[in-house]
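> Sequence and predicted structure, then a few things I'm wondering about:
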Amino acid sequence: MRALVWHGKEDIRCDTVTDPEIQDPRDAIIKVTSCAICGSDLHLFHNFIPAMLPGDIMGHETMGEVVEVGSGVNGRLRKGERVVIPFTIICGECEQCRRGNFSVCERTNRNKHIADKVFGHAGAGLFGYTHLTGGYPGGQAEYLRVPFADTTHIKVPDSLTDEQVLFLSDILPTGWQAAVHCDIEPTDTVAIWGCGPVGQMAIRSAVLLGARQVVAIDRLPERLAMAEAGGALTINFEHESVVERLNELTGGKGPQKCIDAIGMESHVTPTIPDTIYDRAKQMMMLENDRPHVLREMIYVCRGGGIISIPGVYSGFDDKIPMGMLMNKGITVRTGQTHVNRWTDELLRHIEDGRIDPSFVITHTMPLEEGPEMYKVFRDKQDSCIKVVLKP
């Protein structure tokens, strides 16, 4: 089969690789009908996340048709069914899964002994996302083996298109969880840093959850226009002060709720000194991430507020103002997304027309064009916001 394969930093190729096979009774094989490039994939593309190896198959936003099931699936999944595959692999039986904390499933990370040493306690296995999360082949391919397939799937109706449901795999529940973590009240201002795909889903989630006003922060006109279409007020941080504008919009009190949909690769801006500091330290391998957004959120967030962090961070960050965070009584919530906790509700929202996630797609290309589309997505060329690939 054909698949997008990691060969090193900024080196993704469309290779011919061995077709996946059933390895465990709880496995299934799906024929991929649609997959997508995620902003998190760019962290791997830039080699900022450790434990990728040449030959690893990329991708964790995938859906398709079931073509083979193992004997242990026990009728929960059948050939011919149409499924979205969450990026989190879940057993459905451990203590964390029973609590709905699916992204920290205790059984699916097959490299748990290594991840325990790195993280203290390992999280779940993830598709296409380094050997610290199990080293599972990803779904930017013609076929995908799904371990724990009887629980790691979302059945979707034939009445909905791939484009409407594909993002149940990651970015829609990620944006939704980010907003839910904010405990949004009708009087709240919710400020969202980053208008990429996750930020766009967080904007619409905050609106659906009843925020008084949603403010979106970015620098790219096409992303800001999409945010405005979703009901947000917008701030272009290259043209105005984020702190001053947020204070204007909140009567000088600051937003009650803040969402970091950027993560470890904040944009480096010559007029913002700490972004230069972070990039220099990152280049010298003295810091993993560029946490400008975290600092700015802590500074501007109203006392007693909530900071929600769906953006991915990889390791150690510098100059985080913990004294400010503690003295303002700010609550911080973060984590990989507990995808299956939210999908029933989100699927109802899609079926009822309250949200159509396909709005975020700007490019649909064949799988073979994937390596080039990684570069287009990285460089924000051709107003690229979200890429869907068709094997």
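Right, received. Where do you want to start?
> Could you point out which residue ranges in the stretch 201-350 of the chain have low pLDDT?
In the prediction, the stretch 201-350 of the chain carries no residues with pLDDT under 70.
> Go again with 90.
Along the stretch 201-350 of the chain, the parts satisfying pLDDT under 90 run over 265, 267-287, 314-315.
> and what of the stretch 51-200 of the chain?
74-75, 113-115, 117-118.
> Just the helices from it, written as ranges.
Assigned by DSSP state H, counting those that start in this stretch, the helices in the stretch 51-200 of the chain fall at 95-98, 112-119, 162-165, 171-180, 197-208.
> Of all those helices, which one is nearest residue 47?
The minimum distance between residue 47 and the helices of the stretch 51-200 of the chain falls on helix 112-119, with 16.8 Å, by Cβ to Cβ. (Each C-beta comes from the backbone N, C-alpha and C, glycine too.)
> so which of the helices of the stretch 51-200 of the chain gets nearest residue 24?
Closest of the helices of the stretch 51-200 of the chain to residue 24 is helix 112-119, at 16.1 Å (criterion: Cβ to Cβ).
> Which residues does the closest one contact?
Residues outside helix 112-119 that contact it (Cβ atoms under 8 Å, 6 or more residues apart in numbering): 51, 109, 122-123, 131-133.
> For those, which single residue is the most surrounded?
If you count neighbours using other Cβ atoms under 10 Å, the busiest of these is residue 133, which has 28 neighbours.
> Please report the distance of residue 237 from residue 297.
Per Cβ to Cβ, to the nearest Å, residue 237 is found 13 Å from residue 297.
> So for the two, which sits in the more crowded spot?
Ranked by neighbour count (other Cβ under 10 Å), residue 237 and residue 297 place residue 297 first, with 27 against 20.
> where's that one relative to residue 265, distance?
16 Å.
> could I get the contacts of helix 112-119 as CSV with distance to residue 326?
Formatted as CSV, the contacts of helix 112-119 follow (distance: Cβ to Cβ, whole Å):
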residue, distance to residue 326
51, 33
109, 32
122, 28
123, 26
131, 35
132, 30
133, 31
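> Let's check: the centremost residue of the chain is which one?
Against the mean C-alpha coordinate of the chain, by Cα atoms, centre = their mean, the closest residue is residue 171 at 4.9 Å.
> Measure how buried the closest residue to it other than its chain neighbours is and give me the count.
Once flanking residues are discounted, residue 171 sits nearest to residue 197: 4.7 Å by Cβ to Cβ, 6 or more residues apart in numbering. Residues lying near residue 197 (other Cβ under 10 Å) number 30.
> can you pull the contacts of residue 245?
Applying Cβ under 8 Å, 6+ apart to residue 245 gives the contacts 215, 235.
> from memory the residue nearest to residue 171 sits against residue 386, does it?
Yes: contact criterion Cβ atoms under 8 Å: residue 197 and residue 386 qualify, at 4.9 Å.
> Residues that sit against both of these two, list them.
Common neighbours of residue 197 and residue 386, using Cβ under 8 Å, 6+ apart, are 171, 360.
> could you check the distance from residue 260 over to residue 298?
According to Cβ to Cβ, residue 260 and residue 298 sit 10 Å apart.
> What pairs with the lengthiest strand in the chain, parallel or antiparallel?
Taking DSSP state E as the criterion, the chain has its longest strand at strand 28-37. With DSSP bridges as the test, strand 28-37 is paired with strand 62-69 (antiparallel), strand 143-146 (antiparallel), strand 387-390 (antiparallel).
> Identify the residues contacting the longest one?
Strand 62-69 is contacted by residues 22, 27-36, 77-85, 127, 138-140, 143-144, 149, 156, 162, 165-166, 169 when judged by Cβ under 8 Å, 6+ apart.
> Name the nearest residue to residue 288, ignoring sequence neighbours.
Nearest non-adjacent residue to residue 288 (Cβ to Cβ, 6+ apart): residue 315, at 3.3 Å.
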